[in-house]
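Peer 1: kindly return the folded structure for what I paste below:
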Amino acid sequence: MQNFHRSIASLLILSFFTTACTSVRKIEQSPGSISIMSYNVENLFDTQKDPDRNDYEYLPLAQKNTREQKAYCAEQRSDFSRKACFEADWNEQVIVTKMNRIANTLEQISGRGPDILILLEVENLSVLKTLNEKYLKNSGYQTVVLIEGDDRRGIDVGLLSRLPVAGEAQLHRIEFTPDPSDENWKKPQTRGILEVPLKLPNGETLFIFGLHFPSQANPVQEREDAVNTLIKQMKARGEKALTVAGGDFNITEVENLKTGLFSKTLGSEFLVSHLVGCQTCEGSHYYRGEWSFLDALVFSKAFSSISSSSWVLDVNSIQTPKMGKYQLFEDGSPARFSATHSVGVSDHLPIYAEIHLKQK
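Peer 2: Predicted structure coming up:
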């Protein structure tokens with residue numbers, strides 16, 4: 001989801017405010033812990049047109065002259081998206097700015113980012129590798145994973161980690177429920193659930209599930225199907241398995257109150273980050289005056305302090321890191337990326353947590 005209406009005056013005021021605040025505080029990771037973070041980086045695209053994706057908005061202005069591009073842009077619902085699709089100049093310098101700001105945001109975690117990083121809205125593996133190799137050189141990420149999904153815009157889920165892989169990564173398609181009232185129903189083309197097994201320092205396997213569920217522009221049934229697919233895959237690893245899911249669930253506070261997708265469906269089976277911790281956090285996304293935890297980390301109950309497993313979730317470590325130089329508007333809400341202003345990375349905040357080996 002996107003936070004649209006920001007005045008030019010506010011941006012100019014904030015530009016001065018942000019420029020003045022040049023120092024960036026850091027979150028120091030606890031010694032011996034493994035840190036996990038999920039971050040929707042909001043449309044991290046390259047400058048190339050992919051033949052089977054609707055990535056027309058994220059092209060250099062000089063390439064926005066085809067019949068197909070003009071037709072696609074004219075169909076965009078909002079004035080903001082339509083204008084950006086026609087007029088935004090997504091060039092190489094814009095990408096440099098975008099990646100530098102992402103790196104600045106990630107480096108608030110002990111100066112080099114978390115041990116495990118789930119990134120959402122990344123166009124392809126090449127873009128993920130560029131971010132890692134050119135902008136996150138000090139992070140030491142040896143595992144770089146992205147498997148192309150079915151999203152028509154071309155955004156995917158990627159993973160970076162300092163931990164080595166412990167098996168083959170795979171992409172699980174969401175098991176959608178057909179609409180019996182719609183004779184023309186077709187399976188939605190959206191992101192799958194990325195599964196990457198990682199080897200923990202003590203030799204155990206940690207199963208990471210990265211996700212980006214259908215947005216609020218889609219029926220709630222699609223998010224219910226996505227949640228059920230996730231639960232099925234996480235539980236398939238076994239009751240005692242160390243599993244963590246992270247990403248953009250696209251479940252608003254209002255929707256959760258109506259459906260219980262977080263509080264009941266997921267909360268009854270797992271440890272949900274903002275239900276067990278993050279008590280002072282407002283949310284990860286701000287839209288029309290309302291905060292929601294669209295983004296979450298979900299841990300198997302093997303991470304509970306009363307389980308017999310070797311690792312435990314530190315509920316006090318759960319937070320939404322927001323001390324990066326470019327992250328916030330003056331009112332404290334996430335600043336959407338804009339290459340023409342001195343502020344803006346993403347319209348989401350990251351969600352962060354640490355796990356620890358239990359003391360013997």
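Peer 1: now stretch 42-56: buried residues?
Peer 2: 42, 43, 44, 45, 46, 49, 53, 54, 55, 56 (16 or more other Cβ atoms under 10 Å). No exception for glycine: its C-beta is placed from N, CA and C like everyone else's.
Peer 1: who's the residue positioned nearest the centre of the chain bridged to?
Peer 2: Computing the C-alpha centroid of the chain and ranking residues by Cα atoms, centre = their mean puts residue 40 first, at 2.7 Å. Counting by DSSP bridges, residue 40 is bridged to residue 120.
Peer 1: that one and residue 345 touch, don't they?
Peer 2: No. If you go by Cβ atoms under 8 Å, residue 40 and residue 345 don't touch, sitting 10.4 Å apart.
Peer 1: you'd agree residue 132 is in a strand?
Peer 2: No. Going by DSSP: H, G, I helix; E, B strand; the rest coil, the assignment for residue 132 is helix, not a strand.
Peer 1: show the model's pLDDT score for residue 6.
Peer 2: Confidence at residue 6, expressed as pLDDT, is 41.
Peer 1: go on, the one 10 residues further on?
Peer 2: pLDDT, residue 16: 35.
Peer 1: ditto for residue 242
Peer 2: pLDDT, residue 242: 98.
Peer 1: from residue 153, how far off is it?
Peer 2: 33 Å (Cβ to Cβ, to the nearest Å).
Peer 1: between the two, who's got more neighbours?
Peer 2: The residue with more neighbours, out of residue 242 and residue 153, is residue 242; 23 against 19, by other Cβ atoms under 10 Å.
Peer 1: what count of nearby residues applies to the nearest residue to the more buried one once chain neighbours are set aside?
Peer 2: Distances taken as Cβ to Cβ, 6 or more residues apart in numbering place residue 206 nearest to residue 242, at 4.9 Å, with adjacent residues excluded. Residue neighbour count, defined by other Cβ under 10 Å, stands at 21 for residue 206.
Peer 1: please apply the same query to residue 102.
Peer 2: 24.
Peer 1: and it, that's in a helix?
Peer 2: Yes. Assessed by three-state DSSP, residue 102 belongs to a helix.
Peer 1: surely it touches residue 131?
Peer 2: Yes. Assessed by Cβ under 8 Å, residue 102 is found in contact with residue 131 at 6.7 Å.
Peer 1: please enumerate the shared neighbours of the two.
Peer 2: residue 44 (Cβ atoms under 8 Å, 6 or more residues apart in numbering).
Peer 1: skipping adjacent residues, who's closest to residue 252 in space?
Peer 2: residue 292 (4.3 Å).
Peer 1: what's the distance between that neighbour and residue 156?
Peer 2: As judged by Cβ to Cβ, residue 292 and residue 156 stand 23 Å apart.
Peer 1: which residue ranges form the helices in the chain?
Peer 2: 8-20, 67-74, 79-87, 92-106, 125-130, 220-235, 253-259, 273-276 (DSSP state H).
Peer 1: comparing these, which comes out most buried?
Peer 2: Mean neighbours per residue, mean count of other Cβ atoms under 10 Å, is largest over the helices of the chain for helix 273-276, with a mean of 22.
Peer 1: mind giving me the packing neighbours of that helix?
Peer 2: When contacts are defined as 3 or more Cβ pairs under 8 Å, 6 or more residues apart in numbering; DSSP states H and E, helix 273-276 packs onto strand 295-300, strand 311-319, strand 351-357.
Peer 1: list the buried residues of the longest one.
Peer 2: Think strand 311-319. Neighbour-count burial for strand 311-319 [16+ other Cβ under 10 Å]: 311, 312, 313, 314, 315, 317, 318, 319.
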